[in-house]
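Novice: any chance you can model this:
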Amino acid sequence: MEFLDIPYSAYTTDAQRQLDIHMPGDAVPNPLPPLIVFIHGGAWRTEDKGEHRKLARDLATATGFPVAVPNYRLTPRDPPDDNHFRHPGHAEDALQALIFLTTWKGPSAVGRPIYDPNRFYLMGHSCGAHMLSSIFLDSSSVTPTLAPPPSLLRAVQKIIMSEGIYDLDLLLSTFPNYRDWFVAPAFGRRESYAPFSTTTYPLIDKRIKWLIIHSKGDTLVDLPQSDAMYQHLCELNGGDASTRIHRNTEQLSGEHNDILLGLEFVEIVKNYILDDE
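Specialist: Residues are numbered from 1 along each chain as shown. Below you'll find the model as predicted:
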């Protein structure tokens, strides 16, 4: 059972502000299960929720939990000037989708909720990891519009980030061509992108657990990105880091997006999510 193209904003006909929910079966489980939410990547400029239906279906089958995949508005591929959609707009859309999911009463065809709005597991891939870390770490000094409400913070149990972009300056030191390709269009043209490095943001909620995944075969985003975020989260969590911050950087060997198509990635996510269930 799937519910597609659900508007999460007042712009009900905007396909970039809609989400899909994939159920693990044809009936709503009782008691209501937690919800998994996947924020896709695409360098802030490409991809669509429909491209991730296989992953969502595989995750729903493996965990027994529904999986939501929201779209968000994208930066134009070839913006004519600086007056275009860019950060933090993408993350604001993702936050709006998450807030919507905490209050949604379920599809009219069912007539009741289809998941527990008080238990969320969040996933972000590539730039989706930057969005989640911008929201659930304290970026208020730079992007105050990304502050999550208390109800959402309480709902989030774990955050799983794969092949993440966290430190743009560090990324550009290895991939300088990324500046013109997607960084400047998404963040504006500037000498340094240090204000948007999520590896400098303070902790908001120490209760949330984090898993950092990175494939050895990823040639688009290098491992130092995930290493930097892992170290930052460990420092923020201090003596609790060993139980709250985890990483998997040795198991996968596929390319940046290819890992999302395989069941090995799904198994890693499933085991991490179900560990506390």
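
Novice: now L274: how far from P33?
Specialist: Here the criterion is Cβ to Cβ, to the nearest Å. By it, L274 lies 11 Å from P33. Just so you know, the C-beta spots here come from the backbone N, C-alpha and C atoms, and that holds for glycine as well.

Novice: kindly report the same for R73.
Specialist: Remark: distance between R73 and P33 (Cβ to Cβ) = 29 Å.

Novice: pick out whichever of these two has more residues nearby.
Specialist: Taking other Cβ atoms under 10 Å, R73 and P33 do not tie; P33 has more neighbours (20 against 16).

Novice: which helix or strand contains that one?
Specialist: Using DSSP states H and E, P33 is not contained in any helix or strand.

Novice: quick one: secondary structure of the closest residue to it other than its chain neighbours?
Specialist: Leaving aside its sequence neighbours, P33 sits nearest to F65 (Cβ to Cβ, 6 or more residues apart in numbering; 4.6 Å). Following DSSP: H, G, I helix; E, B strand; the rest coil, F65 is assigned to coil.

Novice: what's near enough to touch F65?
Specialist: Residues near F65 by Cβ atoms under 8 Å, 6 or more residues apart in numbering: P24, P33, P34, L35, I36, L59, Y115, Y121, I273.

Novice: where does the closest residue to P202 other than its chain neighbours fall, phi/psi-wise?
Specialist: Nearest residue to P202 in three dimensions, chain neighbours excluded: D138, at 4.3 Å (Cβ to Cβ, 6+ apart). When read as degrees, to the nearest 10, the backbone of D138 gives phi -90, psi 90.

Novice: just S226 next, same as before
Specialist: phi -70, psi -40.

Novice: residue contacts, it?
Specialist: By Cβ under 8 Å, 6+ apart, S226 lies in contact with M161, E163, G164, Y166, I212, I213, H214, R247, T249.

Novice: and for the second one, the neighbour number?
Specialist: The one in question is E163. Using other Cβ under 10 Å, E163 has 29 other residues around it.

Novice: not including adjacent chain positions, what is the nearest residue to C234?
Specialist: Using Cβ to Cβ, 6+ apart and skipping residues adjacent in sequence, the residue nearest C234 is A241, 4.1 Å away.
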